[in-house]
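Undergrad: Sharing a model that was predicted from the sequence below.
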Amino acid sequence: MARLAKVVSCWQTVCRLVEGESIAERAPGAAVLVEVNLTGRPERNGVSLAEVPGLVGGLRALVLDVVGVMAIGVPGPPEDARPGFRRLAELARDLGLEQVSMGMSDDLEVAVQEGSTMIRIGRGLFGSRPTTAS
């Protein structure tokens, strides 16, 4: 992380205060996005919606610039992601966060409709990843 601190302009996927402490030590005042787990699945990274305000407060206390939140929608049809995207965008507004990074190739329309300011469309641009033999 120390070598990256010199070249990273915004740290995404921050979901633990210890990560924020490490970033603040190496890049004081750095911009960060809090990763939120909208799926409720324990194998997915991110904090719950209920934990977001506390983590944002903790990161701000470290003098980090919390610019927004990010999340991946629940798997399945794009409409299934709408409720989580809506709640996350509302929470971001309530916390005064400008960036709401949500939506990927399959659900980007729903994400934008619900307030996404940043989307990740890798497969839509580059195609599917090659499968690897097991």
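TA: Structure's in. What do you need? None of these values were measured; they are calculated from a predicted model.
Undergrad: Quick one: mean pLDDT over the longest helix that the chain contains.
TA: Taking residue count as the measure and DSSP state H as the definition, the longest helix of the chain comes out as helix 78-94. Here the mean pLDDT over helix 78-94 is 97, rounded to a whole number.
Undergrad: helices or strands up against that helix?
TA: Here helix 78-94 touches strand 65-72, strand 99-104, helix 108-113, going by 3 or more CB pairs under 8 Å, 6 or more residues apart in numbering; DSSP states H and E. C-beta: built from backbone N, CA, C; applies to glycine.
Undergrad: when you compare where the first one runs with where strand 99-104 runs, what's the angle?
TA: When you say that, I think you mean strand 65-72. Relative orientation of strand 65-72 with respect to strand 99-104: 20 degrees, computed using axes from the mean of the first three to the mean of the last three CA atoms, to 10 degrees.
Undergrad: which residues touch strand 65-72?
TA: Contacts made with strand 65-72 from outside it, assessed by CB atoms under 8 Å, 6 or more residues apart in numbering, are listed as 10, 12-13, 29-39, 44, 46, 52, 56, 59-60, 84-85, 88, 91-92, 95, 97-102, 104, 117-118.
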